[in-house]
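Student: no FASTA, just this:
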Ligand SMILES: *[C@@H]1O[C@H](CO)[C@@H](O)[C@H](O)[C@H]1NC(C)=O
């Protein structure tokens, strides 16, 4: 029967789609400062995206949830991730002049939430 074939194809399609969704869910990526990046370059990239990137860099100002640890590397990571999450759907890579890398683990800690946009 033609209906049975269509139902089987539909079932197969649903299985494929659910597998795809699952593997995407397992590959959740955040963008943070690269361990190899110098402070000078991190600073440069961070200033650039905080000034022109259309992201909220107030989260790591004194007294805000992402201020601590008060390191350039941590603040740059927060900024890089915000920028990456916002623009990755347009194909923007996590790179920032080779000062950033993607990680699979959520860098959020305490009350500091590193955004993740599916
Ligand atoms: C990119 O990195 C190079 C060194 O690797 C540096 O000379 C240059 O100023 C950086 N450009 C920007 C826009 O940060």
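Tutor: Received the coordinates, thanks. Computed from a prediction, not measured in an experiment: that's the story for all the values here.
Student: what pairs with the one residue sitting closest to the centre of the chain across the strands?
Tutor: The centre of the chain sits closest to residue 30, judged by Cα atoms, centre = their mean, with a distance of 3.2 Å. For residue 30, the beta-bridge partners are residue 103 (DSSP bridges).
Student: Do I have it right that it meets residue 100?
Tutor: No - at 10.2 Å, residue 30 and residue 100 do not qualify as touching, with contact defined as Cβ atoms under 8 Å. Every residue, glycine included, has its C-beta placed from N, CA and C.
Student: shared neighbours of the two, anything?
Tutor: residue 84 (Cβ atoms under 8 Å, 6 or more residues apart in numbering).
Student: if we can go back for a sec, ok, now which ones touch the residue nearest to the centre of the chain?
Tutor: By Cβ under 8 Å, 6+ apart, the residues touching residue 30 are 81, 84-85, 102-107, 114, 116.
Student: now with 10 Å?
Tutor: 77, 80-81, 84-85, 94, 101-108, 114-116 (Cβ atoms under 10 Å, 6 or more residues apart in numbering).
Student: can you pull out the helices in this protein?
Tutor: Using DSSP state H, the helices of the chain run over 2-26, 39-52, 72-87.
Student: Any idea which of those has the lowest pLDDT on average?
Tutor: Per-stretch mean pLDDT for those is lowest at helix 2-26 (a mean of 54).
Student: and residue 109, bridged to which residues?
Tutor: residue 112.
Student: got the residues of the chain near the ligand?
Tutor: Contacts of the chain with the ligand, taken as Cβ under 6 Å from any ligand atom, map to 41, 44-45, 97.
Student: redo that, cut-off 5 Å
Tutor: 44, 97 (Cβ under 5 Å from any ligand atom).
Student: buried set for stretch 53-61?
Tutor: 53, 55, 57, 59-60 (16 or more other Cβ atoms under 10 Å).
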